[in-house]
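Participant: generate a structure from the sequence data that follows.
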Amino acid sequence: MFGRKKQMVDQSSALPGRTTAVDIPETHFVNGNPLQGPWPEGTETVIFGMGCFWGAERLFWQLDGVYATSVGYAGGYTPNASYREVCSGATGHTEAVLVAFDPSSVSFEELLTVFWEGHDPTQGNRQGNDTGTQYRSAIYASSEMQLAAAHSSANMYQQELEKAGYGPITTEILQLTEYFYAEDYHQQYLAKNPAGYCGIGGTGVSCPTGLVT
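Facilitator: Residues are numbered from 1 along each chain as shown. Below you'll find the predicted structure:
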């Protein structure tokens, strides 16, 4: 049951989950800001899936204008799933990073550039040696503006990837439904464990700027 899964589970076959959320720290280990909302006025959020969420989260907390980051599970069916359950492939979730940001300091376009250049979005249910639906590429937008910008950037980046010999982008781009925080020890993992595993690696193809948002 807990082997890696390469095919998306049907909703009817997904694990039932639970009503109780996991306990997480009140504040971000790196910058001390609250890990959950309500966020400061003007803050926007977006969810990214880029493979193993440990390394992906670090890419975003390093950016000026990012208020907070966290890791969790999104895009699936099982409420308040555990890490073990997500890794079984029986929840439908992908490992995800929530980014709360101030758009007057860091634009959504800049976040998309970090997203596209920080992983290989053409690998389907895989990222490097990490295989399974929980490692799929995803953008879960929190507004229609973000959704339109994400699709626009995907189209533009696809052209650049094709020039470099890569195949079609497989990134799932959807309006966010639910996001479930991962367990305490996963939050800001690479700040707590600097020598920890990081499977993040891009294609080396630059993402074009000047998106229409």
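
Participant: low-confidence stretches in the chain?
Facilitator: For the chain, the stretches flagged by pLDDT under 70 are 1-5, 209-213.

Participant: which stretches of it form strands?
Facilitator: Ranges of strands within the chain are 44-50, 66-74, 94-101, 126-127, 130-131, 137-141, 172-175, 179-181, based on DSSP state E.

Participant: residue furthest from the geometric center of the protein?
Facilitator: What lies farthest from the middle of the chain is Lys163; by C-alpha atoms, centre = their mean that is 25.7 Å.

Participant: distance of it from Gly118?
Facilitator: 19 Å (C-beta to C-beta, to the nearest Å). For the C-beta atoms, the positions are set from N, CA and C on the backbone; glycine is no exception.

Participant: give me whichever of the strands of the chain is most buried.
Facilitator: Most buried of the strands of the chain, by mean neighbour count (mean count of other C-beta atoms under 10 Å): strand 94-101, with a mean of 26.

Participant: in its sheet, what does it sit against?
Facilitator: strand 44-50 (antiparallel), strand 66-74 (antiparallel) (DSSP bridges).

Participant: give me the contacts around the helix ranked longest in the chain.
Facilitator: For the chain, the longest helix by residue count, based on DSSP state H, is helix 144-163. For helix 144-163, the external contacting residues (C-beta atoms under 8 Å, 6 or more residues apart in numbering) are 44, 46, 108-109, 112, 116, 121-122, 139, 141, 167-169, 171, 173-175, 203, 205-208, 211-213.
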